[in-house]
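Trainee: Sequence plus predicted model, see below.
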Amino acid sequence: MSSKPTCHLIRPESTYEGKQGLTYFAGIATETVGSAGICMHILTMPPGARAKAHMHESHETAIYMLSGEVHTWYGDRLEQHIVVKAGDLFYIPAGVPHLSANLSDSPSSAVIARTDPNEQESVVLLPELDALVA
């Protein structure tokens with residue numbers, strides 16, 4: 001017999017290392033609250049931080065930039081480039097390779113939500129693309 005669903009409060013005090021090479025604050029995920037269709041967490045990138053090239057198979061990503069700015073390269077060969085700044089919303093479709101980096105002298109923070117409730121399950125590293133972004 002399953003228990004009745006209930007609400008959960010998460011205070012993002014603990015962190016974990018993501019496959020992407022960045023440190024995330026624990027948030028809403030199957031692992032923390034038993035979510036079935038969404039994951040949401042906070043990412044703060046220190047100056048000079050850079051993710052590994054990756055994609056999320058079959059899951060969309062929505063990002064709201066709280067502070068700072070992050071450069072993101074995306075596309076099959078990371079040929080597209082955009083700078084996401086504080087106050088911007090950024091969408092990454094499922095299966096799109098991407099790599100983000102904080103090239104500024106200040107930290108940047110964002111709220112990230114994905115349709116993958118298992119926070120790291122759909123992360124696919126693409127090491128063959130890492131060298132495409134200097």
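Mentor: Now that the structure is in, tell me what you want to look at. Numbers count the residues shown, from 1 in each chain.
Trainee: Give the partner strands of the lowest-mean-pLDDT helix or strand in the chain in its sheet and their orientations.
Mentor: Using mean pLDDT, DSSP states H and E, strand 15-17 stands out as the lowest-scoring helix or strand of the chain, at a mean of 80. Note on strand 15-17: by DSSP bridges, its sheet partners are strand 23-28 (antiparallel).
Trainee: Just the mean pLDDT for the partner strand, thanks.
Mentor: Across strand 23-28, pLDDT averages out at 84.
Trainee: In that strand, which residues are buried?
Mentor: By neighbour count with 16 or more other CB atoms under 10 Å, strand 23-28 contains the buried residues Tyr24, Phe25, Ala26, Gly27, Ile28. Every C-beta, even on glycine, is put in place using the N, C-alpha and C of the backbone.
Trainee: Name whatever forms a beta bridge with His54.
Mentor: His98, Leu125.
Trainee: Please report how far it lies from Ile28.
Mentor: 20 Å (CB to CB, to the nearest Å).
Trainee: Spit out the contact partners of the spatially most central residue of the chain.
Mentor: Centroid-nearest residue in the chain, with CA atoms, centre = their mean: Ile112, separated by 5.4 Å. For Ile112, the contacting residues are Tyr24, Met40, His41, Ile42, Leu43, Thr61, Ala62, Ile63, by CB atoms under 8 Å, 6 or more residues apart in numbering.
Trainee: Return the member of those residues nearest to Tyr16.
Mentor: Tyr24 (5.8 Å; CB to CB).
Trainee: and that closest one, what does it touch?
Mentor: Counting by CB under 8 Å, 6+ apart, Tyr24 touches Thr15, Tyr16, Glu17, Gly18, His41, Ile42, Leu43, Ile112, Glu119.
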